[in-house]
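Chemist: coords please:
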Amino acid sequence: MGNTAKTSLNTNELTSRLLSTLDEGLFFVELSKHLNSEIKADDICSFLIKDEKAIALSHNNRLLKRREELSLESGVLAQVCRSNRPYYSNNTKSDPLFVDGDNRKAIMIIPISVEGVVVGLIQFSAIKSDKEFSREDINFAIRSISELENPIRNLKLYLSAKFLNEALTEQLNSQNTVVPTNLVKVENQFLISAPSIIAKSEVMSELMDLADKVAKSDVSILLEGANGTGKDRLARYIHASSERTKQGFFSINCASMAPRDLEIELFGMEEGNVVTNGIIEKLSAGTVVLRNIHALSIELQARFLNLIKDRNAFRVNGTTSFSSEVRVISTTNQKLSELVEQGLFRQDLYYCLNMMTIVVPALSERVNDIDNLVDEILNSERRSDEHKSLTPGALKLLKEYQWKGNVSELKTVLEQAYILATGIMIDATDLCLEAREVEQEEEQEQDLFEFEEDMTLDELERRFICITLERLKGNKTKTAKALGITVKTLYNKLHSYDMITKEA
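Modeler: Residues are numbered from 1 along each chain as shown. I've put the predicted structure just below:
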């Protein structure tokens, strides 16, 4: 009975610790320590499973700085991963799954899985000792892992969100880097519908009133604002709300291509008898959006100045001009007027582009829109039975958070939270904000922690805990996570400081 109670207590503490981290490396280090406390192997390695590869995370309870990737096409790791069953061998020399030169005498590999999906492997080896693995070792590992189902499930959900986010980011980067030159006809490729824009806040209501007025005119427009505020979305709205809505629309990133390639893409090219029409010629009376206009080369600045003033342009290497009534909408995350003063942007083009300037507000200036933005991001493209909502605490956290990436960052956080939440309600613990929030506040409050030469270790610890608790507004759960300790440990320490009663 005594041993059972001890194991249960250790498991509870480990569960709390694993639930408090979404760092896969620390997760497997803690899990490896727990399992090896009973198995007692000479050597322990942990692996993360991703894209048919095993990524080495830790060795002997230390995180690896260089994470080697091993193929899972063959070998013992591949067999365990495919079968989702533990494996052990006490004579690797005669085991066909091991290559010559392997210095391990015995080995045991345990799959870490939930709902039939293997998320990682832990490998125990005997190298110098005469340790032999047994069925009892495997049974202990399986029993321990089954008791940790909830933290392993959370890790699986987090990794799914993380891998999805990485894949989407890679795809977006690829799209921004390469713009296709074999564009099809305008009516097939360039027609768009008006996007919905949340405008509950006063600042956004005023902006949308201005956008509606500007849409009815034919002037060039400059949209300024930080990254992720929705400048390209607003440009689409203006085009779709204008009389040009039945004409083509095309948005291109001026910072994503070499100047020569961008010039050919926009204005076309003549090579002997071969004529390639550019986007501007194809759009005719449509709208072209020049994203990151500040990155436009001096040569292209001159081309666009002539286009806007004369409504005529030449293809690259061309001798015959073509006419175009295309409307130009420009976007930038910089102050274009300052670049003009520095001589980095043509003043005459600046005046042509900003016949009307609209400054798109940061998310921190439109907090009242967050409720509606949350609902649209979470549920607009999902069936009604797949809808999820935020708890009041989670919504409050979103409204207090400093969104450096604005709406784009909010969308990423919510998509991750949708995957991490196990029910229809998304709680504050499902939002991956704590690390970034603490990091931001540490930059602002570095001077709060003052070291004194005669301070004891206990005094240092007490002061650091108090500062972290104050920074996180008394939230003990978030404080424990930030400090890397369990909530129970935090309460015990606060009690020892006479900051709370034992019953608290």
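
Chemist: hey, where'd the helices end up in the stretch 151-300 of the chain?
Modeler: Across the stretch 151-300 of the chain, reading from the start of the chain, the helices by DSSP state H, counting those that start in this stretch fall at 186-189, 202-215, 231-240, 259-267, 279-283, 298-310.

Chemist: so which of the ones you listed is nearest residue 477?
Modeler: Go through these one by one with Cβ to Cβ and the one that ends up closest to residue 477 is helix 202-215, at 33.5 Å. The way it works is simple: take the backbone N, C-alpha and C, and place the C-beta from them, glycine included.

Chemist: relative to residue 76, which of the helices of the stretch 151-300 of the chain is closest?
Modeler: helix 259-267 (48.9 Å).

Chemist: which secondary structure elements does that closest one contact?
Modeler: For helix 259-267, the packing partners by 3 or more Cβ pairs under 8 Å, 6 or more residues apart in numbering; DSSP states H and E come out as strand 249-253, helix 279-283, helix 298-310.

Chemist: got those as CSV, with mean pLDDT, distance to residue 261 and mean neighbour count columns?
Modeler: Converted to CSV, the helices and strands packed on helix 259-267 look like this (pLDDT from 0 to 100; distance: least, Cβ to Cβ, whole Å; neighbours: other Cβ atoms under 10 Å):
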stretch, mean pLDDT, distance to residue 261, mean neighbour count
strand 249-253, 90, 11, 20
helix 279-283, 88, 12, 21
helix 298-310, 90, 11, 16
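
Chemist: about what we covered before: now render the helices of the stretch 151-300 of the chain as JSON lines, adding distance to residue 409.
Modeler: Compiled in JSON lines, the helices of the stretch 151-300 of the chain are given as follows (distance: least, Cβ to Cβ, whole Å):
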{"stretch": "helix 186-189", "distance to residue 409": "30"}
{"stretch": "helix 202-215", "distance to residue 409": "18"}
{"stretch": "helix 231-240", "distance to residue 409": "15"}
{"stretch": "helix 259-267", "distance to residue 409": "28"}
{"stretch": "helix 279-283", "distance to residue 409": "30"}
{"stretch": "helix 298-310", "distance to residue 409": "31"}
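
Chemist: returning to that earlier point: so which of the helices and strands packed on helix 259-267 comes closest to residue 405?
Modeler: Closest to residue 405 of the helices and strands packed on helix 259-267 is strand 249-253 (Cβ to Cβ; 17.1 Å).

Chemist: so which other helices or strands are in contact with that closest one?
Modeler: The criterion is 3+ Cβ pairs under 8 Å, 6+ apart, and the helices and strands that strand 249-253 contacts are helix 231-240, helix 259-267, helix 279-283, strand 287-291.

Chemist: dump those into TSV; add distance to residue 496 as well.
Modeler: Output for these, formatted as TSV (distance: least, Cβ to Cβ, whole Å):
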stretch	distance to residue 496
helix 231-240	53
helix 259-267	64
helix 279-283	69
strand 287-291	57
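
Chemist: any idea how far residue 32 is from residue 369?
Modeler: 45 Å (Cβ to Cβ, to the nearest Å).

Chemist: neighbour-wise, which of those two wins?
Modeler: When residue 369 is set against residue 32 and neighbours are counted by other Cβ atoms under 10 Å, the residue ahead is residue 32, at 26 against 21.

Chemist: who are the packing partners of the strand or helix carrying the more buried one?
Modeler: Residue 32 is part of helix 24-39, with elements assigned from DSSP states H and E. With contacts defined as 3+ Cβ pairs under 8 Å, 6+ apart, helix 24-39 has these neighbours: helix 2-19, strand 43-50, strand 53-59, strand 62-63, strand 106-114, strand 117-126, helix 135-147, helix 149-177.

Chemist: can you check which of those gets nearest to residue 495?
Modeler: helix 2-19 (17.4 Å).

Chemist: residue 27 is in contact with residue 21, correct?
Modeler: Yes: contact between residue 21 and residue 27 holds when scored by Cβ atoms under 8 Å: they sit 5.9 Å apart.

Chemist: neighbour count: the two, which is higher?
Modeler: With other Cβ under 10 Å as the criterion, residue 21 and residue 27 differ in neighbour count, and residue 27 comes out ahead with 27 against 18.

Chemist: and stretch 87-106, how far apart are its ends?
Modeler: With Cα to Cα, to the nearest Å as the measure, the first residue of stretch 87-106 is 11 Å from its last.

Chemist: test my guess that residue 252 contacts residue 265.
Modeler: Yes: Residue 252 is in contact with residue 265 according to Cβ under 8 Å; the separation is 7.0 Å.

Chemist: what's the closest non-adjacent residue to residue 325?
Modeler: Here the nearest residue to residue 325 in space, its sequence neighbours aside, is residue 285; by Cβ to Cβ, 6 or more residues apart in numbering that works out to 4.2 Å.

Chemist: can you put the helices and strands packed on helix 259-267 in a markdown table and add distance to residue 491?
Modeler: Supplementary listing: the helices and strands packed on helix 259-267 in a markdown table, determined by distance: least, Cβ to Cβ, whole Å:
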| stretch | distance to residue 491 |
| --- | --- |
| strand 249-253 | 51 |
| helix 279-283 | 63 |
| helix 298-310 | 63 |
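
Chemist: please identify which of these is closest to residue 357.
Modeler: For the helices and strands packed on helix 259-267, the distance to residue 357 is smallest for helix 298-310, at 15.4 Å, taking Cβ to Cβ.

Chemist: residues contacting residue 266?
Modeler: Applying Cβ atoms under 8 Å, 6 or more residues apart in numbering to residue 266 gives the contacts 252, 278-280, 288, 300, 303.
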